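Participant: Predicted model and sequence follow; I will ask about them next.
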Amino acid sequence: MKKILLVYLPFCTPASPPYSLTSLYSFLTANSKHSIKVLDLNLQFHQLKFPAYQKYYQTKEWDNYEFTTKEYQQITEKTYSENNKKVLHGEKPDFFSELLRQITEQKPDLLAFSVVYSSQAFYAYSFLEEINRLKEERKINVTTIIGGPAVNEKLIPLADKFLKNEVEFLQFIEGKTIDHSSLNFSFPLDFSIYNLNAYFTPHPVIPLKTSTTCYYKQCTFCTHYANVPYMEYSLEPIYQTIVKSQQKHFFLIDDMIPSQRLLALAKVLKPLNIKWACQLRPTKDFTYSLLKTLYESGLVAVIWGVESGSQRVLNLMKKGTKKEEVIQVLKDSHQAGIKNVTYIMFGFPTETKEEFLETIGLLKDNQECIDLISTSIFGLQQGAPILKNPEEYSIIQITEVERTVLDKKITYNVSSGLTKEEATLLRKRYKKTIENINKYPKTMNFFKEHLLCLN
Ligand code: SF4
């Protein structure tokens, strides 16, 4: 029997336990006899560094939420950046020894780092370098594994093995090929492996996933779905996960869920008397009656991928949505009792000032049914479909800049429409207009789990 330690790394928002490691832990437990443990070092880091904020977010009062969260956001951004710089300069980041000790005292045979966000790559880099040094000095003997969507070319050579999914992981630890049909994929996830009351929320908010990836897979700016085939998870283990967790608040972290699948989920969720939130694409199949059914099953908030108020830009994004239908969905959702959060992307290549203003107009004209606006500025990402055909989007002068820990950074220019700088400037100019529409503190965009902690 091997001792396996799964580690979640700093930095990401410590608002809920990690889904990725919980899923891997539960799969390995259901399909092997090894001893498996999980460490959430991201939570540990934030507990050590920001205990006063942890206490604040765990209370229900939340006086001065906007001010406190803005302060927290600034202080964490500064801390993360300083620590990343330390890693780049060959120094150890904060609490490095304490966190490493937590790993080594477990004396694992196999140590796996999960890198879900690129912000976690710096601690991964630093830990792997140190562990390799300790191995060379024969002070420890451990096989290191790395996995997750943000693993990059700089990290892979530092680990003994890079594994892409849970089946590859199991095959590696068993040292043999395993027939998929012999595996148990129908198991509930076990969140009891964490101290759920330690996260930065007044009550635990549990992340759930109901499918492997987005079923739509067409938005030209998106890299989320990669080459993963779309598969829906069985409803029974989802139900069992919720029951076993004994919790009441769930964030469905799927990028997108089809409306009919949501109806099937709602049937399962309604008798459990829970509250839940999810992310959706505003298409016309989200009718008032469907949204009302979802609301009655506990759906309190939806983050809608609205992106733009210009139909031309939506078409260019291949969002597959119609402006008039988006507006109707927001209205129906609001009327059904659901809180609406809108994702807006400014500065999509070729977007003009007039089209930017069309988006502002859509938000203003429909402000009574919008509770929170989450804006971003378009960025060109490695693997995005738009990169296959940049000239179609007037993208010119693409350059790749080498980085030490992260993958290459892509910069670009446009031959028509707003530049990135102009879009950023316009967003700044319309900051107040956007903020006046929000019913929730704008800083809640930083802690989306808090949408489930409001009542
Ligand atoms: S943006 Fe959302 S809907 Fe579009 S492909 Fe990506 S995950 Fe799917």
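Facilitator: Right, received. Where do you want to start?
Participant: Of all residues in the stretch 301-450 of the chain, which one is closest to the ligand?
Facilitator: Proximity of the stretch 301-450 of the chain to the ligand (Cβ to the nearest ligand atom) peaks at residue 305, 5.3 Å away. Every C-beta, even on glycine, is put in place using the N, C-alpha and C of the backbone.
Participant: neighbouring strands for the one helix or strand that residue maps to, and are they parallel or not?
Facilitator: Here residue 305 sits within strand 299-307, counting by DSSP states H and E. Strand 299-307 pairs in its sheet with strand 275-280 (parallel), strand 339-346 (parallel), by DSSP bridges.
Participant: Does residue 20 touch residue 113 like I think?
Facilitator: No: here residue 20 does not reach residue 113: they are 11.0 Å apart, not a contact under Cβ atoms under 8 Å.
Participant: Name the residues contacting each of those two.
Facilitator: Common neighbours of residue 20 and residue 113 are listed as residue 148 (criterion: Cβ atoms under 8 Å, 6 or more residues apart in numbering).
Participant: between those two, who's got more neighbours?
Facilitator: Ranked by neighbour count (other Cβ atoms under 10 Å), residue 20 and residue 113 place residue 113 first, with 29 against 19.
Participant: Give me every residue in the stretch 151-300 of the chain lying close to the ligand.
Facilitator: The stretch 151-300 of the chain has residues 214, 216-219, 222, 224-225, 255-256, 281 near the ligand, with proximity defined as Cβ under 6 Å from any ligand atom.
Participant: Quick one: buried ones out of those residues?
Facilitator: Taking 16 or more other Cβ atoms under 10 Å as the criterion, what is buried in those is 214, 216-217, 219, 222, 225, 255-256, 281.
Participant: OK, contacts around residue 169?
Facilitator: 24, 28, 112, 145, 147, 163.
Participant: JSON lines for those residues, including neighbour count?
Facilitator: Formatted as JSON lines, those follow (neighbours: other Cβ atoms under 10 Å):
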{"residue": "24", "neighbour count": "25"}
{"residue": "28", "neighbour count": "19"}
{"residue": "112", "neighbour count": "26"}
{"residue": "145", "neighbour count": "23"}
{"residue": "147", "neighbour count": "23"}
{"residue": "163", "neighbour count": "20"}
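Participant: still on that earlier bit, what sits against the residue of the stretch 301-450 of the chain closest to the ligand?
Facilitator: If you count contacts by Cβ under 8 Å, 6+ apart, residue 305 has them with 219, 256, 279-282, 319, 321, 343.
Participant: Next, give phi and psi for residue 281.
Facilitator: phi -100, psi 130 (degrees, to the nearest 10).
Participant: Does it touch residue 215 like I think?
Facilitator: No: contact status for residue 281 versus residue 215: not in contact, 9.8 Å apart, counting by Cβ under 8 Å.
Participant: Give me the common contacts of these two.
Facilitator: residue 256.
Participant: So what are the structural domains in this structure, by residue number?
Facilitator: 3-177, 205-453 (automatic domain parsing).
Participant: The shortest one spans what distance, first to last residue?
Facilitator: The stretch domain 3-177 measures 20 Å between its terminal residues, going by Cα to Cα, to the nearest Å.
Participant: For that domain, give the mean pLDDT please.
Facilitator: Average pLDDT, domain 3-177: 96.
Participant: And that domain, how far out from the chain middle?
Facilitator: Relative to its chain's centre, domain 3-177 lies at 15 Å (Cα atoms, centre = their mean, to the nearest Å).
Participant: what does the longest one give?
Facilitator: Relative to the chain's own centre, domain 205-453 is displaced by 12 Å; criterion: Cα atoms, centre = their mean.
Participant: shift numbering so it begins at 36
Facilitator: Got it, first residue is 36 now, which makes that one domain 240-488.
Participant: quick one: contacts for the closest residue to residue 246 other than its chain neighbours?
Facilitator: Excluding the flanking residues, the one nearest residue 246 by Cβ to Cβ, 6 or more residues apart in numbering is residue 267, at 4.8 Å. Each residue near residue 267 by Cβ under 8 Å, 6+ apart is listed here: 245-246, 296.
Participant: What is the most widely separated pair among the buried ones among the residues of the stretch 186-335 of the chain next to the ligand?
Facilitator: 260 and 316 (12.7 Å; Cβ to Cβ).
Participant: quick revisit: a markdown table for the domains of the chain, including distance to residue 219?
Facilitator: As requested, those are arranged in a markdown table below (distance: least, Cβ to Cβ, whole Å):
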| stretch | distance to residue 219 |
| --- | --- |
| domain 38-212 | 5 |
| domain 240-488 | 10 |
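Participant: Tell me which of these sits nearest to residue 228.
Facilitator: Residue 228 lies closest, by Cβ to Cβ, to one member of these: domain 38-212, at 5.1 Å.
Participant: Just the ones in strands from the contacts of residue 204, please.
Facilitator: 147, 180, 182 (DSSP state E).
Participant: Pick out the residue closest to the middle of this protein.
Facilitator: Among the residues of the chain, the one closest to the centroid is residue 288, at 7.1 Å (Cα atoms, centre = their mean).
Participant: What are the buried residues along the helix ranked longest in the chain?
Facilitator: Criterion DSSP state H: the longest helix present in the chain is helix 100-123. For helix 100-123, burial by neighbour count (16+ other Cβ under 10 Å) applies to 100, 103-104, 107, 111, 114-115, 118-119, 121-122.
Participant: Nearest to residue 40 among those residues?
Facilitator: Of the buried residues of helix 100-123, the one sitting nearest to residue 40 (Cβ to Cβ) turns out to be residue 122, at 21.5 Å.
Participant: Using CSV, write out every CA atom in the next helix or strand after the strand holding residue 340.
Facilitator: Remark: after strand 334-342, the chain's next helix or strand is helix 346-352, criterion DSSP H and E. What follows is helix 346-352, C-alpha atoms only, in CSV (Å, rounded to 0.1, in the frame of the first residue of the first chain):
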residue,chain,number,x,y,z
GLN,A,346,-24.9,41.6,-32.0
ARG,A,347,-22.0,42.0,-34.4
VAL,A,348,-19.5,41.4,-31.6
LEU,A,349,-21.6,38.5,-30.2
ASN,A,350,-21.6,36.9,-33.7
LEU,A,351,-17.8,37.4,-34.0
MET,A,352,-17.3,35.8,-30.6
